[in-house]
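[1] A structural model of the following input is requested.
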Amino acid sequence: MRFCELTLIVTTLCIPVVAQQQDPPRAFDTIRSSDSYRQAVLGVYQDYESRLSTHCAKIDINMNTSQAKVYGSIQTNANGDIVNAHWKETTDGVACGEKRSYVASVTIKDGKTAVYALFPGQSAAGAVLQHDAVQYAGVGAGAADNCAVDVLETSLPNGEPSDNTKVPWDEKWTVRACGKRSVVTMHFVPNATGTTINVTPKETVALP
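    As a prediction, the model looks like this:
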């Protein structure tokens with residue numbers, strides 16, 4: 001079967017990239033150092049791993065490597081508590097002998113916190129956009145219909161877009177499917193109705 005360029009239009013936008021606040025409030029460090037927060041982050045890392053075809057029963061996480069990238073400003077109330085914020089938590093780890101750069105998205109909206117998993121690495125896409133793009137990453141990797149597609153790593157070959165709600169950007173996804181690993185180039189093109197994803201299989205690079 002001959003593959004041509006494939007396009008997916010997704011109506012959900014990606015993570016907005018704006019200037020990071022220079023001096024996060026004290027409550028920010030208090031939250032990130034708390035046991036409940038660390039357990040929540042670890043839980044989404046484990047959830048990501050459990051959804052892979054390898055189903056690793058144990059993952060080793062080095063929480064000392066954790067770093068947070070804040071998007072937008074952190075809003076606090078009169079007591080100094082955070083009421084609105086959004087950041088990504090990235091932590092190094094190992095699962096089934098493979099190194100990971102686990103990523104969790106953390107949002108606080110009106111004082112309520114939500115933590116959910118993103119694909120490892122640098123991807124600028126949000127969770128829904130990542131999810132919807134997996135099937136196209138599989139096509140780029142030449143995966144058969146009955147093969148699970150694992151996204152193991154993501155990178156930004158041209159750097160992070162300055163404003164990825166408007167500017168097209170490229171990502172390279174390391175994918176495992178049908179027992180084979182490859183790097184698939186994903187082209188994300190925001191528009192007025194959502195984000196178009198272009199995948200051209202001839203750009204895919206097979207890994208040993």
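
[2] domains of this protein?
    6-16+124-206, 26-118 (automatic domain parsing).

[3] deepest of the ones you listed, which one?
    Most buried of the domains of the chain by mean neighbour count (mean count of other CB atoms under 10 Å) is domain 6-16+124-206; its value is a mean of 17. Where C-beta positions appear, they are placed from N, C-alpha and C, glycine not excepted.

[4] Show me what the mean pLDDT comes to for it.
    Mean per-residue pLDDT for domain 6-16+124-206: 87.

[5] pLDDT on the longest strand seen in the chain, on average?
    The residue-count maximum for a strand in the chain (DSSP state E) belongs to strand 82-95. On average, the pLDDT along strand 82-95 is 97.

[6] List the pairing partners of it within its sheet, with orientation.
    strand 59-61 (antiparallel), strand 67-70 (antiparallel), strand 75-76 (antiparallel), strand 98-109 (antiparallel) (DSSP bridges).

[7] Save those as a markdown table, and put in mean pLDDT and distance to residue 43 too.
    Rendered in a markdown table, the data for the strands paired with strand 82-95 read as follows (pLDDT from 0 to 100; distance: least, CB to CB, whole Å):
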| stretch | mean pLDDT | distance to residue 43 |
| --- | --- | --- |
| strand 59-61 | 94 | 11 |
| strand 67-70 | 96 | 17 |
| strand 75-76 | 97 | 26 |
| strand 98-109 | 97 | 9 |
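
[8] can you tell which of the ones you listed is closest to residue 125?
    strand 98-109 (10.8 Å; CB to CB).

[9] and the angle from the helix or strand that the closest one is followed by to strand 98-109?
    Next along the chain after strand 98-109, taking DSSP states H and E as the criterion, comes strand 112-118. Here the directions of strand 112-118 and strand 98-109 differ by 150 degrees (axes from the mean of the first three to the mean of the last three CA atoms, to 10 degrees).
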